[in-house]
Every structure is written in structure tokens, then in C-alpha cells.
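Participant: got a sequence here, can you build the structure:
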Amino acid sequence: MGVFSRVVKSTVPLGAAAVTAYVYKDEIAADGIRGVVAPFRELNALVRHASSSWVNSSSTFDADFPRGKWNHNWDFRDPMSLINERKYSKATDEEKEKMIQEQTATASRTIVLIRHGQYDEETKPHALTPLGREQAILVGKRLAHLAEKKPIDEVIMSTMTRATETANLILEQLPSSVARSSDSCLEEGAPYPPEPSVGHWRPHAKKFFSEGARIESAFRKYIHRASPRQKKNSIDVIVCHANVIRYFICRALQFPPEGWLRMSLGNSSITVIVVRPEGSVSIRALGDVGHLPAEKISFSQNTYHVCY
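Facilitator: Numbers count the residues shown, from 1 in each chain. This next block holds a predicted model:
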């Protein structure tokens, strides 16, 4: 406790933290708690090395903390990628600037991803259970409350029964003027071979090739920056499935797509992606079920929540 209090009061940031980590390690060992000495020694070495790097050279920092670079043209909608190269090469500087401005987005897009409500997993067409219908109505009311401040532009739904039923119950809570459409590209499937793999769920390789390509096409269709012609910020609601949503999250954040199964989403949960005009992406909510009472929260009955 004495070591911790001294660190809190200290104004020497990293060097003191390195010494503290080492001293704290010795205190723990003295207390007879075994098996934690090596991690603290590693932490001490890491902090000392990082501290030296920050002080002496910024070039060594990247070696210690390798990281991927953000692909600014991840959605293939960077202004330069939308310009006719032949016309651009022949244009004057003034014309080039105008061409870029005409292809530059100015609005932000908010995409609200809703997982369908609980459904009958035994009997096809896997319709919503009574609880699933309650969940759908509650998430609809939540969206209606949000729409009072920022109107929803469109509700797009998967063509699978449980998603369509959920979307229709949501739409009953929203103004009748809200546009609506269905898309089979949003149906559930196997988006990408997961890592780590799951022993009880091993779709045939052809499923990843066919269903993965379809879900990737849905990602490119719906998750991207606004068109240059869009002048106002927009909100679109997509009602679909857990595997689809989790894959969308990984792709939108440029995370390894094989990590999609490491996330778990509740029934009728809310996930929010914001895509800004310059192409940056942020997540404002991930699997939010705060609109549901505790007794009405549910997940898939399967381990790892693999949801079909």
C-alpha cells in the first residue's frame, strides 16, 4: 500500500512507474504469493525500455509497439478514387481542386445494427418467441425515443423470418414515413473462419466462400462514408444477425476479421457505427441491451453464442 501511495503522489511518470513495478514485485514475493514475479519483471523491463525509447528516439517506439496503419480508402470512396483519372490528368490546378471538392463527402452516416429478438431454434422458419417479440417492441420504443431528436432515414432488414418479424415490430413504433426495405445479403451465415476455432461449429469450407462473400458484399453495400451528394447527416437501421454484425464491426474498425466470434451480442441488442466524411470510423455502442429489463435479456443457447 505504501508503494502504491507513493506512486500516486509522485509526479515522475514513467521512470518511477518502472521502479515501482519492480519494488511491488518484491513486496508480493515477500508476502508469499508465488507465480507473479516473472510478469512484474517483464513489465519492469518493458516500461524501462519504452521509457528509454521515448526519451532517446521516437524511431524505436514503433519497434516496441508495432501497429497497423489505418487504410483511409477502406471503403473505396476516398475522393481521388472517385475521380476520372484521365480527365484529372489533363485538368488545370483549379479544375483539379474543383473535381476533388465535388467528390468529397460532407455528411456523417450513423448505422444502427439491431440483432433480431429471441427465436425458436428448434422449429423452422425460426420465428420469434413471445420473449423475442417483447424484446423487439422494446428496442423499437428505444429507437422511437432516439428518433424524436434525430429522425431515422431507413430501416433495412434481413429476409430471414426472425429478422423480418423483429424489424416489423420495430417499425410499428416508428413514424409510418420511415423508408423500409429487405435484403437477402443480410441473412445469417459463416462470414470468416474464426480464430480461435470452435470445436462444435465447423461449417464446410464452401460455406465460408459462399456466405462469406455474400456478407462481405453486404458490408461494402451498407458500411461506408456518405455519398458526396448527401448533404445531411443520416441514420440507417439494419435489422439482421449476430454473425453479420460482428463481422461488420471487425471490418469497419479494420480489425482482423477472424476475431468476429470473440464478441457476444444479446437478442435485440443495439450496435452503432458512425462513419465520418473523411472515412474515420467509431463505435458508439456494441451489443447494448440497456433498453431491456434484466429478466428479458437473452443470448443464443449455444456456447460462444454462435447464432443461426
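Participant: sec struct for the residue most central in space within the chain, please.
Facilitator: Of all residues in the chain, the one closest to the mean position by Cα atoms, centre = their mean is Ile249, 2.8 Å from it. At Ile249 the chain is in helix, as set by DSSP: H, G, I helix; E, B strand; the rest coil.
Participant: wait, His241 touches Met160, no?
Facilitator: Yes - shown here, His241 and Met160 form a contact pair, counting by Cβ atoms under 8 Å, at 7.2 Å. Any C-beta I mention is one placed from the backbone N, CA and C, and that applies to glycine too.
Participant: need the overlap of contacts for these two.
Facilitator: Counting by Cβ atoms under 8 Å, 6 or more residues apart in numbering, the contacts common to His241 and Met160 are His116, Glu187, Glu188.
Participant: top of the residues you listed by neighbour count?
Facilitator: Most neighbours among the shared contacts of His241 and Met160, by other Cβ atoms under 10 Å: His116, with 30 neighbours.
Participant: relative to Leu186, how far out is that one?
Facilitator: Distance, His116 to Leu186, using Cβ to Cβ, to the nearest Å: 11 Å.
Participant: now the helices for this structure?
Facilitator: Using DSSP state H, the helices of the chain run over 2-9, 14-30, 37-56, 59-64, 85-90, 93-102, 130-147, 161-171, 205-222, 242-252.
Participant: what is in contact with His116 and Leu186 at once?
Facilitator: The contact sets of His116 and Leu186 overlap at Ser158, Ala163, Cys240, His241 (Cβ under 8 Å, 6+ apart).
Participant: endpoint to endpoint, stretch 200-210 covers what distance?
Facilitator: Distance between the two ends of stretch 200-210: 21 Å, counting by Cα to Cα, to the nearest Å.
Participant: out of the helices and strands in this protein, which is least certain?
Facilitator: Scoring the helices and strands of the chain by mean pLDDT, DSSP states H and E places helix 14-30 at the bottom, with a mean of 39.
Participant: that older thread, pLDDT and distance to Asp236 added to the shared contacts of His241 and Met160, as TSV?
Facilitator: Shown next, in TSV, are these (pLDDT from 0 to 100; distance: Cβ to Cβ, whole Å):
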residue	pLDDT	distance to Asp236
His116	98	17
Glu187	98	18
Glu188	97	20
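Participant: what's around Arg246, how many residues?
Facilitator: Arg246 has 28 nearby residues by other Cβ under 10 Å.
Participant: wait, what's in contact with the residue nearest to it when sequence neighbours are not counted?
Facilitator: Ranked by Cβ to Cβ, 6 or more residues apart in numbering and with sequence neighbours excluded, the top spatial neighbour of Arg246 is Trp260, at 4.2 Å. By Cβ under 8 Å, 6+ apart, Trp260 lies in contact with Pro191, Tyr192, Pro194, Asn243, Arg246, Tyr247, Ile249, Cys250.
Participant: distance of Trp260 from Ala144?
Facilitator: Trp260 sits 30 Å away from Ala144 when distances are taken as Cβ to Cβ.
Participant: check Cys250 too.
Facilitator: The gap separating Cys250 from Ala144 is 30 Å, by Cβ to Cβ.
Participant: distance of the nearest residue in space to Phe208 that is not next to it in sequence relative to His200?
Facilitator: Leaving aside its chain neighbours, Phe208 sits nearest to Ala190 (5.2 Å; criterion: Cβ to Cβ, 6+ apart). Going from Ala190 to His200 by Cβ to Cβ gives 14 Å.
Participant: sweet, I'm off.
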